[in-house]
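A.B. asks: Just a sequence and a predicted model for now, questions to come.
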Amino acid sequence: MRKRLIPCIFLKDGMIIRSEDFRIHQIIGNPISEVKRFSDWAVDEIIYIDISHSNNFQVRRNDHKDVFSNNNLELLSEISKNISVPLAFGGGVRTIEHISSLLQMGADKVILNTGIFSDEELLKTASKIFGAQALVACVDYKQECVFFSHGKIRSKYTVQDWCLKIESEGIGEILLNDISRDGKSSGFNIDMVKNIVKQSSVPVIALGGAGDYDDFVECFKEANPSAVAAGNIFHFKEHSYYHAKKTLERSNIDIRTEYGVFS
């Protein structure tokens, strides 16, 4: 399988944010206008994670006047109309009904996190109903420990133990997110990614720490994940996705080399 390079977009109260330390959030854009840009770039896949935990969710069109969505299901429906690449969507998913709604509204995969920690039957049941290929676990961690609820709850699980558990219960993919590197541009946690890739029989996506294109190369070469994901680097550097792909191509990483429109 060819390696994937995935933009990860964090949403809060209906807007795209830049995250740092998992607690400092800066509004940087509108999710509707941004999705067209990524679709034009023909990215391998897009990950959307909604970290909202208030009742102020409002999505406005580009004129910033017309509120057309007050929840992430309506937003997902609008996003899916403007995109032609695989889409994973998550945030606050706690029930089978919510998973079903996200898939019906256009998500190809649903990202699960705290919901499968607080309800031990959710993942098992969801895997039987929707299939493992439709389910991604976002594993937020610091050092060896897994955290939940936006990084506020430190669990008893090590990263290795939690990944083994969710794989045995039917997860189809692991999004491995080092929250201590969130927004730091310090590079990926190569040792952790390598360890989880070695023990897992499902695809692993590395997230957290990308600061330049060489960080992607290092992660692929040293840890061999199925994909690497990043947020800030794709928001703040012009034509960043194209240049990242070119860097990977020159480094002999087996990446898809079809390119979209960069204007």
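C.D. replies: Yep, it's here.
A.B. asks: State the mean pLDDT of whichever helix or strand W162 is part of.
C.D. replies: Under DSSP states H and E, the secondary-structure element containing W162 is helix 159-168. Here helix 159-168 scores 98 as its mean pLDDT.
A.B. asks: what do you get for stretch 14-34?
C.D. replies: 76.
A.B. asks: Please apply the same query to stretch 124-136.
C.D. replies: Across stretch 124-136, pLDDT averages out at 98.
A.B. asks: from the chain's centre, how far out does it sit?
C.D. replies: Counting by C-alpha atoms, centre = their mean, to the nearest Å, stretch 124-136 is centred 17 Å from the centre of its parent chain.
A.B. asks: Could you point out which residue ranges in this protein have low pLDDT?
C.D. replies: Counting by pLDDT under 70, the ranges of the chain that qualify are 22, 53-71, 237, 259-263.
A.B. asks: now the strands for the stretch 1-150 of the chain?
C.D. replies: For the stretch 1-150 of the chain, strands defined by DSSP state E, counting those that start in this stretch occupy the ranges 4-12, 15-20, 24-29, 46-50, 59-60, 67-69, 87-90, 109-112, 135-142, 145-148.
A.B. asks: Go through stretch 222-238 and flag the buried ones.
C.D. replies: 223, 225-235 (16 or more other C-beta atoms under 10 Å). No exception for glycine: its C-beta is placed from N, CA and C like everyone else's.
A.B. asks: I'd like those as CSV, with distance to E121 and secondary structure appended.
C.D. replies: Below are the buried residues of stretch 222-238 laid out as CSV (distance: C-beta to C-beta, whole Å; DSSP: H, G, I helix; E, B strand; the rest coil):
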residue, distance to E121, secondary structure
A223, 32, helix
P225, 29, coil
S226, 27, coil
A227, 28, strand
V228, 32, strand
A229, 28, strand
A230, 33, strand
G231, 32, coil
N232, 36, helix
I233, 38, helix
F234, 36, helix
H235, 37, helix
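A.B. asks: and of the residues you listed, the nearest to I6?
C.D. replies: Lowest distance from I6 to the buried residues of stretch 222-238 (C-beta to C-beta) belongs to A229, with 4.2 Å.
A.B. asks: who's that closest one bridged to?
C.D. replies: Beta-bridge partners recorded for A229 (DSSP bridges): I6, L207.
A.B. asks: now whichever strand or helix holds I196 against strand 135-142, angle please.
C.D. replies: Secondary structure assigned from DSSP H and E places I196 in helix 190-199. If you take axes from the mean of the first three to the mean of the last three C-alpha atoms, to 10 degrees, helix 190-199 sits at 140 degrees to strand 135-142.
A.B. asks: still on that earlier bit, grab the CA positions of the helix holding W162 and hand them over as PDB.
C.D. replies: The C-alpha atoms that make up helix 159-168 are tabulated as PDB, following Å, rounded to 0.1, in the frame of the first residue of the first chain:
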ATOM      1  CA  VAL A 159      -0.200   3.600  24.700                       C
ATOM      2  CA  GLN A 160       0.900   0.000  23.800                       C
ATOM      3  CA  ASP A 161      -1.800  -1.600  26.000                       C
ATOM      4  CA  TRP A 162      -4.600   0.700  24.800                       C
ATOM      5  CA  CYS A 163      -3.700   0.100  21.100                       C
ATOM      6  CA  LEU A 164      -3.700  -3.700  21.700                       C
ATOM      7  CA  LYS A 165      -7.100  -3.500  23.400                       C
ATOM      8  CA  ILE A 166      -8.800  -1.400  20.700                       C
ATOM      9  CA  GLU A 167      -7.400  -3.500  18.000                       C
ATOM     10  CA  SER A 168      -8.700  -6.700  19.600                       C
END
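A.B. asks: quick one on the thing from earlier: make TSV from the strands of the stretch 1-150 of the chain and add mean neighbour count to it.
C.D. replies: What follows is the strands of the stretch 1-150 of the chain, written out as TSV (neighbours: other C-beta atoms under 10 Å):
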stretch	mean neighbour count
strand 4-12	22
strand 15-20	18
strand 24-29	14
strand 46-50	23
strand 59-60	18
strand 67-69	14
strand 87-90	25
strand 109-112	22
strand 135-142	24
strand 145-148	20
